[in-house]
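In: Sequence first, then the predicted structure:
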Amino acid sequence: MSGPLDGIRVVDLSAMLSGPWAADILGDQGADVIKVEAPGTGDHVRALRNQVEGLASMFVNVNRSKRSLTLNLKDAEGIRVLKQLVAEADVLVQNFRPGVVERLGIGYDDLAEVNPGLVYLSISGFGEHGPYAKKRVYDPIVQALSGLTTIQAGSDQERPRLIRTVLPDKLTAVTGAQAICAALVARGRTGKGQHIRLSMLDTVMAFLWASDMNAYTFVNQPVAPEKAASFIDLIYETADGYITVSTMSNREWEAFCRAADREDLLVDERFDTPSKREENVDERLSEIQKVLLQKPGSEWIEILERHDVPCAPALRRFELLENPQVVASGSIIETEHPVAGPIRQARVAARFEGTATESPRGAPRLGEHSREVLGQLGLSADEIEQLVEAGVVGAEHGEPTPDPDDADVVQTRGA
């Protein structure tokens with residue numbers, strides 16, 4: 001793989017979403033990522049629904065650009081092989097529950113003895129200390145505990161609501177990938193690796209504090225329960241569908257009123273200053289909604305764009321595939337997976353002009369690269385076969401049989 005991380009080797013011990021996608025991002029940017037999985041079963045995500053030829057779509061999307069090695073980490077010989085792999089690696093990613101890696105003998109201190117330059121990322125739900133440290137954690141748990149569900153509700157008086165995507169898991173993955181790259185830069189200066197500890201709870205709180213916790217920033221300023229700025233969001237119904245329109249500045253508000261042929265709103269005392277428009281936000285948004293119901297969405301988009309008013313259609317997922325901006329940007333790519341056939345995915349988001357990335361490699365079958373990786377470590381064919389016969393390395397070369405009891409699992413864990 002080419003890219004800015006070409007030459008970096010990552011050992012991925014993680015499962016589900018947060019850790020695997022963090023490692024996936026590094027792989028997409030050129031790193032050699034070796035996903036270590038349990039023989040016979042592999043990552044739980046392999047067994048989720050929406051499969052083609054035994055490959056689950058979610059696994060395909062968060063484990064591309066990796067090689068798969070099956071290794072029994074409950075066996076002393078498996079730990080020995082892992083340490084041999086780590087000795088030649090740059091990064092290790094794990095999201096076991098706190099305390100598990102130490103019990104297995106593969107915590108940071110154990111592996112730093114083998115490789116002092118190792119960058120070791122530990123992802124947890126709540127951190128290593130405190131009453132929640134060893135609790136099982138799924139994405140909705142973090143959404144609720146972090147206050148995100150109350151923010152999504154709009155106020156402290158409304159029913160808390162989940163965001164309908166696993167944001168804490170995915171945000172932790174992105175933060176983890178960035179933290180690894182920062183630690184690699186530091187290693188370039190000092191020659192030393194380090195342990196990075198990242199919790200999903202801390203990640204979401206840092207994310208929220210950038211814009212949603214302003215009232216709690218100044219310690220000596222009294223805080224009242226949050227009230228909704230408006231119970232109307234910025235998705236508007238038109239004569240034939242939905243669009244979004246935003247009029248943040250004076251110029252945009254004036255442009256909208258002229259585009260909508262509602263210049264009377266410009267002299268309406270409720271809306272003639274920015275502060276009044278904020279104070280009377282429900283009334284203002286209601287006026288916008290009444291206007292937009294009069295024409296089809298595509299017609300409004302054309303009119304509003306002509307007046308330089310920020311707007312966009314509220315696309316359904318299937319419509320996204322053919323949106324002209326998405327097509328023009330090449331945001332969605334199609335590649336050929338050797339097992340699953342043609343697949344459609346988002347391209348690597350960051351485009352590096354100096355160290356261009358290749359198209360991502362397809363996600364690996366379970367144990368697909370076990371012999372290849374072990375051979376690169378210097379093990380002979382006979383030694384590898386002995387490990388397979390002893391159950392230390394899996395004998396499989398394909399996908400595990402999905403567990404029907406797990407078919408409806410859609411949430412993911414962070415640790």
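Out: Happy to help now that I have it. Residues are numbered from 1 along each chain as shown.

In: Strands of the chain, start to end?
Out: Assigned by DSSP state E, the chain shows strands spanning 9-12, 32-37, 51-52, 55-56, 66-70, 91-94, 119-124, 194-199, 235-237, 242-245, 311-313, 332-337, 341-346.

In: Which other helices and strands does the last one contact?
Out: Of the remaining helices and strands, those touching strand 341-346 by 3 or more C-beta pairs under 8 Å, 6 or more residues apart in numbering; DSSP states H and E are helix 57-62, strand 332-337. From N, CA and C alone the C-beta is placed, and that goes for glycine too.

In: List the beta-bridge partners for residue 121.
Out: residue 93, residue 196 (DSSP bridges).

In: What is the neighbour count of it?
Out: For residue 121, the count of nearby residues is 26 (other C-beta atoms under 10 Å).

In: you'd agree it is up against residue 176?
Out: Yes - the pair residue 121 and residue 176 passes the contact test of C-beta atoms under 8 Å, sitting 5.5 Å apart.

In: what's the overlap in contacts for these two?
Out: Taking C-beta atoms under 8 Å, 6 or more residues apart in numbering as the contact rule, residue 121 and residue 176 both touch 19, 22, 93, 196, 198.

In: what would the strands of the chain look like in TSV with distance to residue 387 and mean pLDDT?
Out: Listed next are the strands of the chain as TSV, based on distance: least, C-beta to C-beta, whole Å; pLDDT from 0 to 100:
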stretch	distance to residue 387	mean pLDDT
strand 9-12	17	98
strand 32-37	14	98
strand 51-52	29	94
strand 55-56	26	95
strand 66-70	10	98
strand 91-94	21	98
strand 119-124	25	98
strand 194-199	29	98
strand 235-237	56	96
strand 242-245	56	97
strand 311-313	55	97
strand 332-337	28	95
strand 341-346	32	96
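
In: Where does pLDDT dip in the stretch 201-350 of the chain?
Out: Low-confidence segments of the stretch 201-350 of the chain, defined by pLDDT under 70: 228-232.

In: What segments of it are helices?
Out: Ranges of helices in the stretch 201-350 of the chain, per DSSP state H, counting those that start in this stretch, are 250-259, 274-279, 281-292, 297-306, 317-320, 324-329.

In: Show me which residues of the fourth one are buried.
Out: Of all the residues in helix 297-306, those buried under the rule 16 or more other C-beta atoms under 10 Å are 297, 300-301, 303-304.

In: Which single one of these is nearest to residue 324?
Out: Distance to residue 324, by C-beta to C-beta, is smallest for residue 301 among the buried residues of helix 297-306, at 11.6 Å.

In: And for that closest one, nearest residue in space, chain neighbours not counted?
Out: Leaving aside its chain neighbours, residue 301 sits nearest to residue 311 (5.8 Å; criterion: C-beta to C-beta, 6 or more residues apart in numbering).

In: Tell me who's in contact with the one you found.
Out: Contacts of residue 311 were listed using C-beta under 8 Å, 6+ apart, and they are 243-246, 300-301, 304-305.

In: Please dump the helices of the stretch 201-350 of the chain into JSON lines; it should also carry distance to residue 391 for every row.
Out: As requested, the helices of the stretch 201-350 of the chain are arranged in JSON lines below (distance: least, C-beta to C-beta, whole Å):
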{"stretch": "helix 250-259", "distance to residue 391": "65"}
{"stretch": "helix 274-279", "distance to residue 391": "66"}
{"stretch": "helix 281-292", "distance to residue 391": "63"}
{"stretch": "helix 297-306", "distance to residue 391": "60"}
{"stretch": "helix 317-320", "distance to residue 391": "43"}
{"stretch": "helix 324-329", "distance to residue 391": "47"}
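
In: Closest to the centroid, which residue in the protein?
Out: The C-alpha lying nearest the average C-alpha coordinate of the chain belongs to residue 170 (C-alpha atoms, centre = their mean; 2.3 Å).

In: can you redo the contacts of residue 311 as a markdown table with distance to residue 57?
Out: As requested, these are exported to a markdown table (distance: C-beta to C-beta, whole Å):
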| residue | distance to residue 57 |
| --- | --- |
| 243 | 29 |
| 244 | 28 |
| 245 | 34 |
| 246 | 33 |
| 300 | 35 |
| 301 | 32 |
| 304 | 36 |
| 305 | 35 |
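
In: Would you mind checking which of those is nearest to residue 66?
Out: Using C-beta to C-beta, the contacts of residue 311 come closest to residue 66 at residue 244, 36.7 Å.
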